[in-house]
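[1] predicted structure and sequence below. I'll ask about it afterward.
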Amino acid sequence: MTELSGKVQTVLGPIDPDQLGRTMTHEHLTMTFECCYFSPSPGGDKVPENPFQMNHMFWLRQNPYGNHENLLLQQENSAVREELLAYKEAGGGAIVENTTSGIDRDMSTLRQMSHDTGVHVIGGAGFYVDSTHTEATKGMSVEELSDIIVGEVLRGADGTGIRCGVIGEIGTSWPITDSEKRVLRATAHAQAQLGCPVIIHPGRNPAAPAQVVRVLQEAGGDIGKTVMSHLDRTIFDPGELLEFAKQGCYLEYDLFGMELLNYPYDLNVDMPSDSQRVQALVLLVKEGYEDHIVVAHDIHTKNRLTKYGGHGYSHILKNIVPKMLTRGFTQSQVDKVLIDNPKRWLTFK
Ligand SMILES: CC(=O)NCCS(=O)(=O)O
């Protein structure tokens with residue numbers, strides 16, 4: 001227990017959880033995804049020199065990781081600020097900003113954006129995937145890593161004094177590397193000390209989420225206060241999904257708005273459409289998991305901003321919620337997904 005007990009910690013300071021309102025649990029407002037550049041397949045269309053034009057928008061949607069400039073979300077602060085105002089207008093209250101060390105976390109910009117727009121922003125502590133770990137990070141013990149994470153929550157991140165309200169997204173690959181295992185154990189130790197929420201980026205394999213849970217559990221983590229992200233590109237078989245759901249963590253569908261034919265990081269993956277994402281949520285509700293679902297768009301490339309013809313941060317509120325209602329969700333179940341579940345997860349014990 002800390003002085004944060006019963007509170008949610010935003011970049012503007014601790015707040016009463018009831019102030020959050022509708023919350024996207026996995027977004028990025030400013031970051032770089034350069035670590036994950038992926039050359040477009042040679043057989044495809046010729047790579048456009050400047051894809052940020054109307055006639056190239058479809059190419060960019062299909063190849064979001066095949067253009068360096070598209071990965072520099074941090075160049076779009078003023079567009080993102082406008083998007084946040086639109087999100088508020090659409091009924092949004094809060095956003096969990098999952099940018100951790102390795103992908104250019106910028107706490108000062110997050111604080112400024114929250115101050116300018118009135119949207120509550122919760123910043124993320126910890127480390128992204130192994131390929132972004134520095135040599136120094138790779139050389140640290142679990143205790144040293146845990147001290148850094150605890151410091152980012154209690155004293156502030158990157159020398160700004162602005163405090164994180166969640167640990168994550170903690171990046172893991174498939175298979176999980178040694179350095180990532182140490183970060184996971186450090187995350188569990190920090191969570192046990194702070195009673196805080198944790199959010200995980202699993203590797204791209206259906207077995208990855210359960211393996212992460214095992215590592216966290218063995219190190220004393222609180223799985224009931226942990227979100228497993230990106231399930232929409234990780235577990236496809238309904239039986240496997242329900243088996244994983246038994247672990248008791250929050251189940252996050254967070255790539256809403258992202259519809260592409262070939263998922264470059266694993267060509268065996270058929271990225272679901274938004275309609276298929278809603279079908280997965282319907283299944284989870286039917287099986288009794290309505291208290292464990294959270295959703296988001298995980299915007300991490302420029303082309304997904306409305307400025308570039310993308311769906312923006314309000315897509316779920318404007319388009320997915322009506323779809324959920326036509327597919328059998330009650331309003332109270334929608335409110336659980338958007339308000340109650342994020343609030344319970346984000347409140348420090
Ligand atoms: C920022 C981030 O990690 N997004 C997830 C991209 S992925 O392709 O679903 O792994």
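    Here it is on my side, so go on. Worth saying up front: this structure is predicted, and the values here are computed from it rather than measured.
[2] touching, residue 296 and residue 316? I think so.
    Yes. Assessed by Cβ atoms under 8 Å, residue 296 is found in contact with residue 316 at 7.3 Å. In this view, the C-beta of every residue, glycine as well, is placed from N, C-alpha and C.
[3] could you pull out the helices for this protein?
    57-62, 77-89, 107-117, 135-138, 142-154, 178-194, 208-218, 238-245, 274-286, 315, 321-326, 331-335, 341-346 (DSSP state H).
[4] by mean pLDDT, show me the worst of these.
    Here the helices of the chain differ in mean pLDDT, and the lowest is helix 57-62 at a mean of 93.
[5] dump stretch 222-238 to PDB, restricted to CA.
    Presented in PDB, the C-alpha positions along stretch 222-238 are these (Å, rounded to 0.1, in the frame of the first residue of the first chain):
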ATOM      1  CA  ASP A 222      -1.000 -10.000  -9.500                       C
ATOM      2  CA  ILE A 223      -2.600 -11.500 -12.600                       C
ATOM      3  CA  GLY A 224      -6.000 -10.100 -11.700                       C
ATOM      4  CA  LYS A 225      -4.500  -6.600 -12.000                       C
ATOM      5  CA  THR A 226      -2.800  -7.300 -15.300                       C
ATOM      6  CA  VAL A 227      -3.900  -6.600 -18.900                       C
ATOM      7  CA  MET A 228      -2.900  -9.000 -21.700                       C
ATOM      8  CA  SER A 229      -2.700  -6.800 -24.900                       C
ATOM      9  CA  HIS A 230      -3.000  -7.600 -28.600                       C
ATOM     10  CA  LEU A 231      -5.100 -10.700 -28.200                       C
ATOM     11  CA  ASP A 232      -6.600  -9.900 -31.600                       C
ATOM     12  CA  ARG A 233      -3.300 -10.800 -33.400                       C
ATOM     13  CA  THR A 234      -2.200 -13.500 -31.000                       C
ATOM     14  CA  ILE A 235      -4.900 -16.000 -30.100                       C
ATOM     15  CA  PHE A 236      -7.400 -17.000 -32.900                       C
ATOM     16  CA  ASP A 237      -8.800 -20.300 -31.800                       C
ATOM     17  CA  PRO A 238     -12.000 -19.800 -29.700                       C
END
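[6] picking that back up, look at residue 296 and residue 316 and report which has more neighbours.
    residue 316 (28 against 25; other Cβ atoms under 10 Å).
[7] quick one: contacts for the nearest residue in space to that one that is not next to it in sequence?
    Nearest residue to residue 316, sequence neighbours excluded (Cβ to Cβ, 6 or more residues apart in numbering): residue 256, at 5.4 Å. By Cβ atoms under 8 Å, 6 or more residues apart in numbering, the residues touching residue 256 are 274, 277, 295-297, 311, 315-316, 320.
[8] just give me the closest of those residues to residue 185.
    Proximity of the contacts of residue 256 to residue 185 was ranked by Cβ to Cβ; the top entry is residue 296 with 26.2 Å.
[9] residues touching that closest one, list them.
    24-27, 96, 252-254, 256, 316.
[10] on the pLDDT front, check it for me.
    Residue 296 is given a pLDDT of 99.
[11] same question for the one 10 residues further on.
    Here the pLDDT value assigned to residue 306 is 97.
[12] dump the helices of the chain to JSON lines, plus mean neighbour count and distance to the ligand.
    As requested, the helices of the chain are exported to JSON lines (neighbours: other Cβ atoms under 10 Å; distance: least, Cβ to the nearest ligand atom, whole Å):
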{"stretch": "helix 57-62", "mean neighbour count": "18", "distance to the ligand": "14"}
{"stretch": "helix 77-89", "mean neighbour count": "18", "distance to the ligand": "15"}
{"stretch": "helix 107-117", "mean neighbour count": "19", "distance to the ligand": "15"}
{"stretch": "helix 135-138", "mean neighbour count": "12", "distance to the ligand": "17"}
{"stretch": "helix 142-154", "mean neighbour count": "19", "distance to the ligand": "18"}
{"stretch": "helix 178-194", "mean neighbour count": "22", "distance to the ligand": "13"}
{"stretch": "helix 208-218", "mean neighbour count": "19", "distance to the ligand": "11"}
{"stretch": "helix 238-245", "mean neighbour count": "15", "distance to the ligand": "16"}
{"stretch": "helix 274-286", "mean neighbour count": "18", "distance to the ligand": "13"}
{"stretch": "helix 315", "mean neighbour count": "21", "distance to the ligand": "16"}
{"stretch": "helix 321-326", "mean neighbour count": "15", "distance to the ligand": "21"}
{"stretch": "helix 331-335", "mean neighbour count": "14", "distance to the ligand": "24"}
{"stretch": "helix 341-346", "mean neighbour count": "24", "distance to the ligand": "18"}
